[in-house]
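S.K.: make a model of this:
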Amino acid sequence: MSGVHTASAFVFALIFYGVFITTEAQTSTPSPGTIPCALRSNTSCKECLENVTCLWCTPTKQCLDYPVRNILPPSTVCPLNDARWGLCWVNFQILIITMSVVGGVFIIGILVCCFCCCKCERIGNKKEDAKMERQTRARKNRQKAKTTEMQMRHDEIRQKYGIAKENPYARMDDH
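M.R.: Residues are numbered from 1 along each chain as shown. Below is the predicted model:
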């Protein structure tokens, strides 16, 4: 089960890394009307988070530049439970737990679907194998009936012309 958590954490990290690369690209070319995050301290969370590069720390009421070199802000900057980014009502700790659960459910769902598809395919193959076996048996029975019918016809022709054999293993020219 730890593999599922590791995989979901990896997916979560990739998503956030992509977001932060985009954020870092935006910070390298600041627009002329943006106010630096440090000047928004001691205001409100909503004002701080108007700039996507800012991080709000609830207990200290500080608006900080998001540490883009890290995927998650270190606890020295602000504890995960008190850090807000993007929305004031979502903290990182709940976001990580939620993403892990959603990722785990998603991976388990994919594995269940793969298992069911493989199982259905095996059942389908068994049905196809049984059908082929029935067809083969029917073909052999028809062939056997035709062979018997042809043998009877040949025996009738031999009887008609008087070349019937008493011993089926005797040569024809012995008569």
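S.K.: centre-most residue in this protein?
M.R.: Nearest to the mean C-alpha position of the chain, counting by Cα atoms, centre = their mean, stands Ile110 at 4.1 Å.
S.K.: can you confirm that one is in a helix?
M.R.: Yes - assessed by DSSP: H, G, I helix; E, B strand; the rest coil, Ile110 belongs to a helix.
S.K.: tell me which element Leu55 falls in.
M.R.: For Leu55, the host element (DSSP states H and E) is strand 54-57.
S.K.: partner strands of that strand, with direction?
M.R.: strand 62-65 (antiparallel), strand 83-85 (antiparallel) (DSSP bridges).
S.K.: same question for the following helix or strand past the shortest one, mean pLDDT?
M.R.: Downstream of strand 83-85, the next assigned helix or strand under DSSP H and E is strand 87-91. Across strand 87-91, pLDDT averages out at 84.
S.K.: before we move on, back to that, most tightly surrounded among the strands paired with strand 54-57?
M.R.: Highest mean neighbour count among these (mean count of other Cβ atoms under 10 Å): strand 83-85, with a mean of 23. Where C-beta positions appear, they are placed from N, C-alpha and C, glycine not excepted.
S.K.: tell me which residues are up against that strand.
M.R.: Identification of contacts with strand 83-85 by Cβ atoms under 8 Å, 6 or more residues apart in numbering yields 45, 49, 54-58, 66, 73, 77, 90-92.
S.K.: could I get the strands paired with strand 54-57 as CSV with distance to Ser41?
M.R.: Listed next are these as CSV, based on distance: least, Cβ to Cβ, whole Å:
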stretch, distance to Ser41
strand 62-65, 5
strand 83-85, 13
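S.K.: Ala138 is nearest to which of those strands?
M.R.: Taking Cβ to Cβ, strand 83-85 is the member of the strands paired with strand 54-57 nearest to Ala138, at 70.7 Å.
S.K.: right, I'll leave it there.
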